[in-house]
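Engineer: with the input below, show me the fold.
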Amino acid sequence: MANTRSAKKRIRQTARRHANNRVVRTRARSTVKQAKTALESSDPAAETAVRKAISELDRAAAKGVIHKNNAARRKRRLAKRLAASKKPA
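Structural biologist: Predicted coordinates for the structure are as follows:
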């Protein structure tokens, strides 16, 4: 257990940050999952879902919840899947 005032404050700040980061990370993961399922089922709203997922990934990266390169990699993969689904068979 923390002994100093500053250590106790750190624990409070960390808990608050952890909760906020979890919300952002969960939202990003959920929208990515929705985009993937839309792409797999060749849903006409797949492009909108991918755009929303990219937006959430950008937001998470801007807030420092995930690394910017991690967000870029996930966005690139989604865009690649979207392009492949649009390509005529």
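Engineer: how far out from the middle of the chain is stretch 31-38?
Structural biologist: Relative to the chain's own centre, stretch 31-38 is displaced by 11 Å; criterion: Cα atoms, centre = their mean, to the nearest Å.
Engineer: ok, stretch 73-81 next?
Structural biologist: Here the centre of stretch 73-81 is set off from its chain's centre by 12 Å, with Cα atoms, centre = their mean.
Engineer: what's it in contact with?
Structural biologist: Stretch 73-81 has contacts (Cβ atoms under 8 Å, 6 or more residues apart in numbering) with 32, 35, 36, 39, 50, 53, 54, 57, 58. (Each C-beta comes from the backbone N, C-alpha and C, glycine too.)
Engineer: how about it: buried residues?
Structural biologist: Using 16 or more other Cβ atoms under 10 Å as the test for burial, stretch 73-81 gives 74, 75, 78, 81.
Engineer: quick check: next helix or strand after the host helix or strand of residue 35?
Structural biologist: Assessed by DSSP states H and E, residue 35 sits inside helix 5-40. Going down the chain from helix 5-40, the next helix or strand is helix 46-62, by DSSP H and E.
Engineer: from residue 48, how far off is the closest residue in space to residue 25 that isn't next to it in sequence?
Structural biologist: Excluding the flanking residues, the one nearest residue 25 by Cβ to Cβ, 6 or more residues apart in numbering is residue 65, at 5.3 Å. Distance, residue 65 to residue 48, using Cβ to Cβ, to the nearest Å: 23 Å.
Engineer: give me the more crowded residue out of those two.
Structural biologist: Set residue 65 next to residue 48 and count neighbours by other Cβ atoms under 10 Å: residue 65 wins out with 20 against 12.
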